[in-house]
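**Q** Take a look and give me a structure for this.
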Amino acid sequence: MLISTKGRYALRIMIDLAEHQTDEFISLRGIAQRQEISEKYLESIIRMLVKARVVESLRGKGGGYRLNKSPDQYTVDSILQLTEESLAPVSCLEGNAETCPRAGRCQTLSLWQGLDKVIHEYLASVTIADLMEQGTVGDDYVI
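**A** Coordinates of the predicted model:
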C-alpha cells in the first residue's frame, strides 16, 4: 500500500480548512499558497471532496471552500477512501478483486486480512482534529 500524492494532499487540504475555519469560505489560492501545492492540482482534489460532500463550495466573490462538519468528524480513513483506488495491502483484498483460486489454501491470506483490518481501524481512529493537534505537539519544550 502506497498513499498517493492525491491522498496526502487531500489530508493537507482538510487540515488547512480546519485550521482556518470560520463562517467565511476559504480560497483555493490561499490553501495552495500555505501548503505550497499547485492550485491547478488542488482543483482536481477539491472537486473530489466537494462531490463527496465532505467540503462545501461557493462560487464567485467571497467564494471558496469550507468543511461541512467539525474536524473531529472526519477520519483519515474516510478521506483516503475517496482519493485512493485501494488501501489493501495486497491485490486480492481490493474491493473489485475476483476471488483468488488459491484463497481456500492460501497460507498468507489471514495475514493480509489482518493487516488490512489493522490499517483501516488505525486510519479510522485518527481524525482531522487529531492531525491538527499533532502540529503543535512538542513545540512547547523549554530548557
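**Q** so who does L87 touch?
**A** 1, 77, 80-81, 116, 119-120, 123 (C-beta atoms under 8 Å, 6 or more residues apart in numbering). For glycine as for every other residue, the C-beta is placed from the backbone atoms N, C-alpha and C.
**Q** quick one: secondary structure of it?
**A** Three-state assignment for L87 (DSSP: H, G, I helix; E, B strand; the rest coil): coil.
**Q** Span of stretch 53-64 from start to end?
**A** Stretch 53-64 has an end-to-end distance of 14 Å (C-alpha to C-alpha, to the nearest Å).
**Q** quick one: which of the contacts of L87 is most hemmed in?
**A** Using other C-beta atoms under 10 Å as the neighbour test, these are led by L80, with 21 neighbours.
**Q** unless I'm mixing things up, it is touching M1, no?
**A** No. In terms of C-beta atoms under 8 Å, L80 does not count as a neighbour of M1; the distance is 9.9 Å.
**Q** A helix includes E121, no?
**A** Yes. With three-state DSSP as the criterion, E121 is located in a helix.
**Q** all numbers from here: first residue = 596
**A** Noted, 596 is the first residue going forward, which turns the last one into E716.
**Q** Next, count neighbours for it.
**A** Applying other C-beta under 10 Å, we find 10 residues neighbouring E716.
**Q** Equivalent analysis for D611, please.
**A** That count, for D611 with other C-beta under 10 Å as the rule, works out to 20.
**Q** ok, now S622?
**A** S622 has 15 nearby residues by other C-beta under 10 Å.
**Q** Tell me the backbone dihedrals of the residue nearest to it when sequence neighbours are not counted, please.
**A** Nearest in space to S622, with sequence neighbours left out and distances taken as C-beta to C-beta, 6 or more residues apart in numbering, is G659 at 4.4 Å. Note on G659: its backbone torsions stand at phi 150, psi -140 [degrees, to the nearest 10].
**Q** For G659, which residues are in contact?
**A** Neighbours of G659 in contact, by C-beta under 8 Å, 6+ apart: 619-623, 625, 652-653.
**Q** again, but for L606
**A** 671, 674-675, 723, 726.
**Q** element containing it?
**A** helix 600-614 (DSSP states H and E).
**Q** Alright, that wraps it up for me.
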